[in-house]
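J.: got a sequence here, can you model it:
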Amino acid sequence: MGLPLRAFHQRVFAAAIVAHAITAWYSGGWYGDDEHYQVIAFAQQRLGELPAHELTWEYGERIRSALLPGLAYGIITAFRAAGITDPFTIAFGLRMITALCALMVVRRFVRTRLPQVADRLQGPFVLISYFLWFLPWQHVRFAAETWSGLLLLAGITALLGDGRWRWLLAGLLLGGCIQMKPAMIAACGGLAVWALHGTKERPRATALLLVGGTAALLAGAFADSWFYHEHVFTLWSYLHKNSLSISRIAPLPTASEIFPWYYYFTWIAKHGIWPIGAGLLTALLWLTWHAPRSWPVWTAWPYLVLLSLVPHKELRFLFSLADLAPIILILAWQTLSEGAARRALAHSALLIPLVAINLCALLVAGTTDAGSGRTRLARTLVAIPTNGPVTIGYALDREAIWKVRIPSFYLPVDVKDIGTWQPGNSGVPDLVIAPGPDPARSNQTAIGSAGYRPITSSEPTWATPLLWLYNTDRPPPYVLYTRDAMLPAAHTGR
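T.: Okay, here's the model as predicted:
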């Protein structure tokens with residue numbers, strides 16, 4: 001490696017700060033709608049800016065933990081008190097705070113796990129812990145999946161440490177993880193069983209773990225009651241509501257996509273970018289076979305089994321385990337015996353393409369907006385000079401509009417949202433958002449024939465082919481159109 005490990009880690013960490021800051025700046029928007037509509041929108045309601053009836057059904061059912069919306073409420077209030085009211089700056093602040101917390105947690109975890117890693121693999125472990133392609137993107141998401149994953153990683157670090165009060169600290173962190181995302185009770189429970197089974201101070205450890213976990217859950221219940229203005233415990237409400245749904249006694253208020261039990265494993269391989277994702281899935285299976293008593297196995301599998309049993313599945317549910325990927329890859333590699341297979345996997349003919357794919361994915365993920373790219377379109381709206389109120393419509397049906405509609409938090413005050421609109425309808429909006437042409441389906445938009453011209457797209461032109469290679473089923477990017485031919489070219493900004 002040419003450098004002592006400590007110095008190497010410091011340089012990688014410094015580079016990671018820069019990469020995470022760039023990603024936090026460019027990766028606006030959100031991947032899962034919960035990241036906005038059940039966090040920032042909930043905070044807006046607590047700020048008195050949104051009526052409760054405009055929020056998602058989870059608000060009325062009281063099944064969303066107040067920890068993250070409450071934190072967003074505090075951060076937004078602090079920004080505005082400092083005179084910062086631009087929503088894009090505030091959203092960047094939320095992402096950057098998440099990134100800094102993630103970097104601190106990962107750094108601590110890596111430093112404490114290095115003795116578990118063989119000397120020749122310590123450098124690669126440090127590198128992929130910060131630069132596996134999806135990690136910087138994941139680390140800037142102000143979402144329950146990211147924060148629960150960080151609390152889990154911090155809890156693992158505490159449990160595997162040697163401090164006198166490590167069990168109490170681990171209980172606090174794992175309890176917070178469960179309060180943040182209730183499904184993580186499976187991962188935290190499996191980890192706790194593994195840790196308690198391997199300790200000689202089991203009665204004391206169990207007591208401290210329970211005390212810490214209970215304290216965290218009580219703090220969560222207090223935050224829930226403050227946020228919702230009534231005595232409520234969202235963890236219980238969540239578990240009760242979802243147990244009724246799974247047992248089909250009372251289905252959820254909204255329709256959910258149903259997938260076979262094995263879909264998460266195919267998604268790991270596909271959405272991890274198949275050479276990397278397939279390698280990660282193979283590493284997990286290999287580690288399970290050759291080291292079934294290791295803590296990553298006892299942490300990951302209970303959660304994956306729980307997710308697989310629930311008919312409703314979403315890719316983002318896997319994100320809470322994202323930071324376990326590097327240690328799983330490294331520990332699985334360590335179990336490989338010396339031989340032809342190991343030499344073949346370490347050959348430059350395989351490693352160079354993998355590194356190139358990872359760097360390419362890192363670049364795209366770190367410089368494009370998350371999800372549908374609607375905040376990229378919203379930033380352009382802010383840059384458009386207007387002489388008064390203007391209207392914006394969406395050339396989409398009532399179901400598809402949800403994927404790209406710009407929320408009130410980002411919408412300029414002089415822009416009025418008229419909702420769904422199609423060429424030929426009564427009323428002609430000044431601005432229109434519509435799907436762009438889809439070369440895979442020869443879907444040429446009809447907006448141009450209605451007298452509109454494009455201003456900007458929801459993603460950079462150079463990134464579109466790469467994103468289609470990543471997911472051939474993805475819809476085309478969205479395009480912002482204007483009716484005024486004199487408007488300036490797009491200011492794509494961040």
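J.: how about the residue sitting furthest away from the middle of the chain, secondary structure?
T.: For the chain, the residue at maximal distance from the C-alpha centroid (Cα atoms, centre = their mean) is Ser426, at 39.7 Å. Local secondary structure at Ser426 is given as coil here, using DSSP: H, G, I helix; E, B strand; the rest coil.
J.: next one: it from Gly393, what distance?
T.: 11 Å (Cβ to Cβ, to the nearest Å). No exception for glycine: its C-beta is placed from N, CA and C like everyone else's.
J.: now swap in Thr288 and tell me
T.: With Cβ to Cβ as the criterion, Thr288 and Gly393 are 52 Å apart.
J.: same drill for these two, tell me which one is more crowded.
T.: Neighbour count, other Cβ atoms under 10 Å: between Thr288 and Gly393, Gly393 has more, with 23 against 17.
J.: surely the more buried one is within a helix?
T.: No - assignment of Gly393 by three-state DSSP gives strand, placing it outside any helix.
J.: and it, bridged to which residues?
T.: Gly419, Val432 (DSSP bridges).
J.: hang on, it packs against Pro423?
T.: No - taking contacts as Cβ atoms under 8 Å, Gly393 lies outside contact range of Pro423: 10.1 Å.
J.: please name the residues that touch Leu127.
T.: Residues near Leu127 by Cβ atoms under 8 Å, 6 or more residues apart in numbering: Val12.
J.: what helix or strand is it located in?
T.: helix 119-131 (DSSP states H and E).
J.: before we move on, what about Gln44?
T.: helix 41-46.
J.: do the same with Lys416
T.: Per DSSP H and E, Lys416 falls inside strand 415-420.
J.: show me what counts as buried in that strand.
T.: 415, 417 (16 or more other Cβ atoms under 10 Å).
J.: what is the mean pLDDT for it?
T.: The average pLDDT for strand 415-420 rounds to 93.
J.: same thing with stretch 188-200?
T.: Computed over stretch 188-200, the average pLDDT equals 94.
J.: stretch 281-297 now?
T.: 97.
J.: got the CA positions of that stretch in PDB?
T.: Output of stretch 281-297 as PDB, limited to C-alpha atoms (Å, rounded to 0.1, in the frame of the first residue of the first chain):
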ATOM      1  CA  LEU A 281     -25.200 -11.700  -2.800                       C
ATOM      2  CA  THR A 282     -22.700 -14.500  -3.400                       C
ATOM      3  CA  ALA A 283     -20.600 -13.200  -0.500                       C
ATOM      4  CA  LEU A 284     -23.500 -13.300   1.900                       C
ATOM      5  CA  LEU A 285     -24.400 -16.800   0.900                       C
ATOM      6  CA  TRP A 286     -20.800 -17.900   1.100                       C
ATOM      7  CA  LEU A 287     -20.300 -16.300   4.500                       C
ATOM      8  CA  THR A 288     -23.500 -17.900   5.800                       C
ATOM      9  CA  TRP A 289     -22.200 -21.400   4.700                       C
ATOM     10  CA  HIS A 290     -18.700 -21.000   6.000                       C
ATOM     11  CA  ALA A 291     -19.200 -18.800   9.000                       C
ATOM     12  CA  PRO A 292     -22.800 -19.300  10.200                       C
ATOM     13  CA  ARG A 293     -21.900 -18.100  13.700                       C
ATOM     14  CA  SER A 294     -20.600 -14.700  12.600                       C
ATOM     15  CA  TRP A 295     -22.400 -11.500  13.600                       C
ATOM     16  CA  PRO A 296     -23.100 -10.300  10.000                       C
ATOM     17  CA  VAL A 297     -25.000 -13.500   9.400                       C
END
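J.: pull out the buried positions in the helix or strand where Trp298 lies.
T.: Assigned by DSSP H and E, Trp298 belongs to helix 295-309. Using 16+ other Cβ under 10 Å as the test for burial, helix 295-309 gives 295-304, 306-308.
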